[in-house]
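Peer 1: Provided below for reference: sequence and predicted model.
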Amino acid sequence: MTTQESRQFIEEYIDAMRNTPTKTDEFVDRFISDKDMELKGHIQIFEAGVPGYILDPEDIIVEGNKVVVRFRMKGQHKGELFGYPPSGNQLDVSGIIIYELEDNKIVRH
């Protein structure tokens, strides 16, 4: 993928993540290859613990088929998350993720 195609794909992915109330398996399969089952698992964990969470990108850096996103993940802790029972608290967590793309899907993070 070209740098521009990679940027466009990740921007579409983040926009869909932000605007999709429930990240179903079909939704995840649209953007993430079975080569990255770990990322699919992370999304399931966070969707169960913080349903409807959103990712707000703060920076996106792209080179070829690799995309770095500095983000904030926001949502309400309504379900078990990493063994912690629901607290009802609002979460606002920052992070950085590097995506590798192939054939219009995320194949590694």
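Peer 2: Structure received.
Peer 1: what comes into contact with stretch 6-25?
Peer 2: Defining contact as CB atoms under 8 Å, 6 or more residues apart in numbering, one finds that stretch 6-25 is touched by 1, 27, 30-31, 43, 47, 51-52, 54-57, 60, 62, 64-67, 69, 71, 99, 101, 104, 106. (Each C-beta comes from the backbone N, C-alpha and C, glycine too.)
Peer 1: give me the buried entries from the residues you listed.
Peer 2: Among the contacts of stretch 6-25, those classed as buried by 16 or more other CB atoms under 10 Å are 1, 31, 43, 47, 54-55, 57, 62, 65, 67, 69, 71, 99, 101, 106.
Peer 1: in helices, which of those fall?
Peer 2: Using DSSP state H, the subset of the buried ones among the contacts of stretch 6-25 located in helices is 31, 43, 47.
Peer 1: hmm, back to that, out of the buried ones among the contacts of stretch 6-25, which are inside strands?
Peer 2: Of those, the ones assigned to strands by DSSP state E are 54-55, 57, 62, 67, 69, 71, 99, 101, 106.
Peer 1: can I get these in JSON lines including pLDDT and distance to residue 7?
Peer 2: Putting those into JSON lines (pLDDT from 0 to 100; distance: CB to CB, whole Å) gives the following:
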{"residue": "54", "pLDDT": "89", "distance to residue 7": "20"}
{"residue": "55", "pLDDT": "91", "distance to residue 7": "16"}
{"residue": "57", "pLDDT": "96", "distance to residue 7": "11"}
{"residue": "62", "pLDDT": "97", "distance to residue 7": "5"}
{"residue": "67", "pLDDT": "98", "distance to residue 7": "7"}
{"residue": "69", "pLDDT": "98", "distance to residue 7": "10"}
{"residue": "71", "pLDDT": "97", "distance to residue 7": "15"}
{"residue": "99", "pLDDT": "98", "distance to residue 7": "11"}
{"residue": "101", "pLDDT": "98", "distance to residue 7": "10"}
{"residue": "106", "pLDDT": "98", "distance to residue 7": "14"}
